[in-house]
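>>> I'd like to go over a predicted model; first the sequence, then the structure.
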Amino acid sequence: MMTPDQNEFLTRVGPGTPAGAMLRRYWHPVAAACELTAEKPIKEVRLLGEDLVVFRMPPANSELQPRYGLVGRHCPHRLAALTYGKVDQEGIRCPYHGWKFDAAGRCLEQPAEPRESTYKDRIRHAAYPVQKLAGLLFAYLGPAPAPLLPRWDVLGREDGRRWGVIESVIDCNWLQAMENSVDPAHLYWLHGNLGAPNLPISAERFIALGLQPEYEEKNEFFRFDYGIQKRRTTKGHQPGDPPLLEQHPLVFPTSLRLVLSINSVRKQGFREAQRFTEEEMKLGYLHHMQIRVPVDDIHTREYLVNFIPSRSATSRPDEDDVAFEFCELKSPEGTYNMNVVTAQDALAWESQGALVDRSQEHLGVSDRGVVMLRRLLKEQIEIVRDGGEPMGIIRDPEKNKIIDLDTFHEAYGLFRTEAPTPAPAEAS
Amino acid sequence: MMTPDQNEFLTRVGPGTPAGAMLRRYWHPVAAACELTAEKPIKEVRLLGEDLVVFRMPPANSELQPRYGLVGRHCPHRLAALTYGKVDQEGIRCPYHGWKFDAAGRCLEQPAEPRESTYKDRIRHAAYPVQKLAGLLFAYLGPAPAPLLPRWDVLGREDGRRWGVIESVIDCNWLQAMENSVDPAHLYWLHGNLGAPNLPISAERFIALGLQPEYEEKNEFFRFDYGIQKRRTTKGHQPGDPPLLEQHPLVFPTSLRLVLSINSVRKQGFREAQRFTEEEMKLGYLHHMQIRVPVDDIHTREYLVNFIPSRSATSRPDEDDVAFEFCELKSPEGTYNMNVVTAQDALAWESQGALVDRSQEHLGVSDRGVVMLRRLLKEQIEIVRDGGEPMGIIRDPEKNKIIDLDTFHEAYGLFRTEAPTPAPAEAS
Amino acid sequence: MMTPDQNEFLTRVGPGTPAGAMLRRYWHPVAAACELTAEKPIKEVRLLGEDLVVFRMPPANSELQPRYGLVGRHCPHRLAALTYGKVDQEGIRCPYHGWKFDAAGRCLEQPAEPRESTYKDRIRHAAYPVQKLAGLLFAYLGPAPAPLLPRWDVLGREDGRRWGVIESVIDCNWLQAMENSVDPAHLYWLHGNLGAPNLPISAERFIALGLQPEYEEKNEFFRFDYGIQKRRTTKGHQPGDPPLLEQHPLVFPTSLRLVLSINSVRKQGFREAQRFTEEEMKLGYLHHMQIRVPVDDIHTREYLVNFIPSRSATSRPDEDDVAFEFCELKSPEGTYNMNVVTAQDALAWESQGALVDRSQEHLGVSDRGVVMLRRLLKEQIEIVRDGGEPMGIIRDPEKNKIIDLDTFHEAYGLFRTEAPTPAPAEAS
């Protein structure tokens, strides 16, 4: 049974909180690059409880690509919001009195101060590094030096086509989303239930949903370098067939790596998924990553990135033109878009409460993945609190070319290509 | 003058509050039966500050009628909302991991737990009894054994036709509504004023509204078995005519019993009231009950039940098909529907504040009904606090066949049919 | 650096606050007279954190003009809102039980009390004096005797045409608006930036906006009888031309007096500004006053009054028919109407926060007007706290015929007509 204090310890993200300090050691997306244009170069964002603006500076003469900055939302002069400011090749200018800042937070101009004034040199505005990968702008809010931005396979591979989805904000704490990623049982019940609300619970129902006719499966959880690897074993399609394996990890602390069926993605109605090529349809699956961004204690933003291997397409991870479509998870009246699987998840998470009171829970054996995540989370928060570096931080470029997350799904036709990494004993 | 502490004592309804403990000794409606269907069998409700779901289970093979359950909104497993769950003949299943509960709060299934697990037997979910009467589902949130659900005449009579109205939630504490029911003076001023906003205050105005030409009446208040009986004496229609009597009670703690003029009900625009038969029009009046439900400290829901005696119609009190229409008291912008008399009341109650600060009041002689109610309320709260049973609780089925509330209205043509119950001396 | 306590001291407006006590020594508009009509004679208002209703009583037989009252919103009887009450020549009647109050707060009737009761004579409702000037209803919430309602030139002059604008409520504290009025630098940057969002910062841009090609100007601040007089010196239109002067005051504590260019007013799209006569167009400028009303700690309402001198029109300051048009500063989604200059201001003020945290500021030399205002404000609050009368209170009718605020703008063609008042040395 968790106490309210323990719950706070694991979940709060603002400056000065233990979990917030741990989360600040990782990169988080703040926008898709395509959300910022020459015409609309500034976007208000909120990340880990901090009010910020991300902005796009037009390419300087010798450059081909725009540069990006992320600074505190309120100008240090008199706290007007830079949201309505003006951007040029050097930085962002406050709309109120024209103070101008570069992406490092240096104050470059204070137009109304005397020409000879050195006051601007004594001003330093909050500023954080931004890097682009897979069409997303990632930010790092932790202490210098920033680690490398991890090139997870879905984000870094070039031998296929990539696109993404930006979801509307989910009104609950980030950990409710992450617990869902080490909780295999919810697949049958949540997605089974909400995906087919008028069918009774039965073998026929599960088959109709593309699930096994019975809820009978083996789930294992292994800690690995980048989080918790999950392995599910289900019965083969036909009696006598060997069991089918599926493996996909929770990438600590805020992501989920999956393989999805092409048909399932199409049925959810995403715009880009209506344009699959014959080659892609034939492949039948795609690679997928869900990145959850802790906006603040009670709001989470989810970015979805998809990658389909293809002989006819290539994509560079740092390109601007990765298409991101926006997905409204629910109507303003609160009706969830049940066609979308992540909206079904959001329904469950939000319904637990803005920050679920874990002192009221009754966990079972089937929650051992959740328990494992909480222990890992506690351990990593304490490592940071005690001055250490948490798991999965990458500083060696050799290790960051492409990070293979050892993800496969035999039922969808994706078999593991090499010998498995030896799995450590499952944590108790 | 009431102190803020005394105000809290009389008004707060949540678990653990003195008034909440008293209110939990009575049955309260949580929905109309027609709001729950086979297609939409679950409804979120809030009662006495508790978040619940009421649900309709399809009739089992040997049954003709559906059964109903009322349980805590959040599953004890990981607190997802049962709102989005699935109902069968046995109970309700959580949408997240499939835990299933019956109407008594027993946990029947935990699908992802090991088959041999007895964990489910150690889980008990919050559950409350539900009973149907007059098309409404009543709930009892107090200690066992539950008393009988009172069969007030309007709810239990079968010699006529019954229908009802569900109003939009009123944004104030329940006691503001109840004080209105022992406050005869507001009839002239509130309903007179808002029902005819462009007429000056005058005898002509009152006549136009069907009131006596002068505000000149005698009001008496008597405590009786089920609350406070009110008797109003007004002048006869013509000079020399004997005075006219009207009697209608506040049914403790949350209802009002009235006789209404058919014409007044028609003018308010209720759908069902446009279909009065010739026989009903000729009768000229109907029986009426307003049941106020304390949703929480600052929200109240009102159900209206109407009954017209008729030789050509009958109705069973436990039938499902009592028609309830929904009445929006005000627009989203806050404009009240002034055609509806209860919207005029809601305007007054809400305008006093979400929970009126009674320490700022200046009561007069004409508020003696209000004072009497507050004294009775304090007395009954203290009885419950001290381990006793409050007034009007019925446990003898003989007394619950039909409870005649001795209500009549001579100006509308309804005279008392038998000798009056001897009224005790009016409380000072 | 300001402490949070000092920030509260200067900004909070409610009853019992130091700044609220100072602000209560001045008259503030609560409505335009044209907002109250015979059909809709009552309006809810909120002023200095107090919930009130202003109402219009029809002219009595011997009178030509309606009279006005301003009383507490909640009836002292049982706290129903007088908002929905009924007005006659004598006063306002509560909708709930008909208690009637005159504009002085006396209780005239309690219809349900016994005829011989003297209870009403012991009731006194909160009531404040109201006076009409320039089509606005001004209220005084301070201790008696009320000072004279100041006849500022824009409000009191009769040799021309007058009209006004009521803006939607601004969601921030009043002092953020007032600091803007001693902050000349924002003109170039805020209005320059938001008025031409797609132009880079350059000399051409400033010229396009009708500003000087360079931000090069001298600003002086002088304390005077009614607040802070500001004088701006800019370069002449052509090389060799003498410098151009502009002078306009902050009228303590809540107003700004300006001269505006006719063209600028037209471009903002105000309805009345599309009807300028040939004579008015030729004059090229108009007189303008912005009156900011502290609604409560975090809301401010701004009234704009315009006056154009004219040989062909006259206007009386106490006329009812001064046209006021309503201006929505932003959409419900929060998009500001950038065509309107005061919407650009509102954007800046609101973006600082509902009540800006001045402990986070970094003021510069160019903020000396703001610093001067804060010192003056502190001084005046302390004077009131210590029993004195703050600056600019007028009790001598001789001084109140028309108060010339010595406002001119040479670049717009309005030169000072007489010798300037000797300016005291600028406050440090």
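That came through, no problem.
>>> tell me the contacts of A:Gly307?
No Gly there; residue A:307 is Phe. Residues touching A:Phe307, when contacts are defined by CB atoms under 8 Å, 6 or more residues apart in numbering or on different chains, comprise A:153-154, A:157, A:160-162, A:286-288, A:315. For the C-beta atoms, the positions are set from N, CA and C on the backbone; glycine is no exception.
>>> Mind checking what secondary structure it has?
Here A:Phe307 is strand, with the state taken from DSSP: H, G, I helix; E, B strand; the rest coil.
>>> separation between it and chain B?
From A:Phe307 over to chain B the distance is 29 Å, taken as CB to the nearest CB, to the nearest Å.
>>> Check A:Lys282 too.
35 Å.
>>> Equivalent analysis for A:Pro41, please.
From A:Pro41 across to chain B, the span is 36 Å (CB to the nearest CB).
>>> residues in contact with that residue?
The neighbourhood of A:Pro41, defined by CB under 8 Å, 6+ apart, consists of A:55-58, A:87.
>>> do the same with A:Thr233
Listed by CB under 8 Å, 6+ apart, the contact partners of A:Thr233 are A:217-220, A:243-245.
>>> do the same with A:His288
A:154, A:257-260, A:304-307.
>>> The stretch 201-350 of chain A: strands as residue ranges?
A:218-224, A:227-234, A:244-251, A:255-261, A:285-296, A:299-309, A:324-327 (DSSP state E, counting those that start in this stretch).
>>> Tell me how many other residues crowd A:Pro29.
Other residues lying near A:Pro29 total 27 when counted by other CB atoms under 10 Å in any protein chain shown.
>>> Specify the beta-bridge partners of it.
Under the criterion DSSP bridges, A:Pro29 forms beta bridges with A:Phe138.
>>> who touches it in this structure?
For A:Pro29, the contacting residues are A:136-139, A:291, A:293, A:303, by CB under 8 Å, 6+ apart.
>>> Nearest to C:Glu272 among these?
Minimum distance to C:Glu272 across these is 46.8 Å, recorded for A:Leu137 (CB to CB).
>>> now the closest residue to the closest one other than its chain neighbours: how far from B:Arg271?
Distance criterion CB to CB, 6 or more residues apart in numbering or on different chains; nearest residue to A:Leu137, sequence neighbours excluded, is A:Ala31 at 4.9 Å. Shown here: A:Ala31 relative to B:Arg271, a distance of 51 Å by CB to CB, to the nearest Å.
>>> Settle it for me: which of the two has more neighbours?
A count of neighbours by other CB under 10 Å puts A:Ala31 above the other of A:Ala31 and B:Arg271, at 24 against 12.
>>> can you tell me how far that one sits from chain B?
As judged by CB to the nearest CB, A:Ala31 and chain B stand 31 Å apart.
>>> Ramachandran coordinates for that residue?
Here the main-chain torsion angles of A:Ala31 (degrees, to the nearest 10) amount to phi -170, psi 160.
>>> Distance of it relative to C:Gln89?
Between A:Ala31 and C:Gln89 the computed distance is 63 Å (CB to CB).
>>> Could you do A:Pro397 as well?
Spatial separation of A:Pro397 from C:Gln89 under the definition CB to CB is 87 Å.
>>> Equivalent analysis for A:Pro242, please.
In this structure, A:Pro242 and C:Gln89 are 95 Å apart, going by CB to CB.
>>> Between those two, tell me which one has more neighbours.
Between A:Pro242 and C:Gln89, C:Gln89 has the larger neighbour count (other CB under 10 Å), namely 12 against 8.
>>> Contact partners for A:Ala273?
Here A:Ala273 is in contact with A:262, A:265-266 (criterion: CB under 8 Å, 6+ apart).
>>> which intervals of the stretch 1-150 of chain A have sub-threshold pLDDT?
Judged against pLDDT under 70, the stretch 1-150 of chain A has no low-scoring part.
>>> quick one: which helix or strand includes the residue nearest to A:Asp225 when sequence neighbours are not counted?
Spatial nearest neighbour of A:Asp225, excluding adjacent residues (CB to CB, 6+ apart): A:Gly392 at 6.4 Å. A:Gly392 belongs to no helix or strand when assigned by DSSP states H and E.
>>> What about A:Gly392, how many residues nearby?
One way to gauge burial is a neighbour count; for A:Gly392, by other CB under 10 Å, it gives 18.
>>> repeat for the one 3 residues further on
With neighbours defined by other CB under 10 Å, the count for A:Arg395 comes to 11.
>>> Correct me if wrong: it contacts A:Leu148.
Yes - proximity of A:Arg395 to A:Leu148 meets the contact threshold set by CB atoms under 8 Å, at 6.1 Å.
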